[in-house]
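In: Build the 3D model from these lines:
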Amino acid sequence: MESIAALLIKRARETPEETALHLPAGGGCATFSWSDVARDVRRTFAALQRLGVRPGDHVALLSENRYEWLLCDLATQCAGAVHVPLHASLTGPQVAVQLRHSESSILILSGDEQAEKLRRCTDLLPADLNCYSLDP
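Out: Okay, the predicted model is just below:
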């Protein structure tokens with residue numbers, strides 16, 4: 001059985017310029033080809049490797065639905081790590097509980113709104129958790 005990551009790579013090789021995604025953007029629509037998605041997944045995978053993500057690690061993602069969510073999911077799978085998706089509407093304490101139970105070593109946040117929720121409950125977060133943001 002092929003993995004989702006392997007299927008993405010295969011599809012990008014077979015039909016690189018075919019449309020993979022249409023996403024809302026600035027009142028219009030952004031289009032991504034299979035080669036676009038594969039390129040962006042490779043870049044995200046490389047970033048995860050630079051952060052020290054290895055096979056079997058648990059990588060949590062606290063983000064609203066967006067293109068980068070998909071990239072993080074696929075890149076985490078490519079790294080052989082476990083993706084721990086956390087629902088963006090959870091409260092800080094709820095996120096902290098899930099982070100502790102999931103044994104995640106890395107948390108990727110969408111941005112300031114999600115980070116602010118966690119700032120109020122840092123004492124509940126795992127001590128060895130490394131946090132990163134999708135937004136600057």
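In: Where does pLDDT dip in this structure?
Out: Judged against pLDDT under 70, the chain has no low-scoring part.
In: Return the set of buried residues in stretch 113-123.
Out: Going by neighbour count (16 or more other Cβ atoms under 10 Å), the buried part of stretch 113-123 is 114-115, 117-118. The way it works is simple: take the backbone N, C-alpha and C, and place the C-beta from them, glycine included.
In: cool, and stretch 20-39?
Out: 20, 32-38.
In: Widest-spaced pair of the residues you listed?
Out: Spatially, the most separated pair among those is 32 and 38, at 9.9 Å (Cβ to Cβ).
In: Using CSV, write out every CA atom in stretch 55-63.
Out: Provided in CSV are the C-alpha atoms of stretch 55-63 (Å, rounded to 0.1, in the frame of the first residue of the first chain):
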residue,chain,number,x,y,z
PRO,A,55,10.8,9.5,12.2
GLY,A,56,8.4,8.7,15.0
ASP,A,57,8.5,12.2,16.5
HIS,A,58,5.1,13.8,17.2
VAL,A,59,4.5,17.2,15.6
ALA,A,60,1.4,19.1,16.7
LEU,A,61,-0.3,21.7,14.5
LEU,A,62,-2.6,24.3,15.9
SER,A,63,-4.0,26.2,12.9
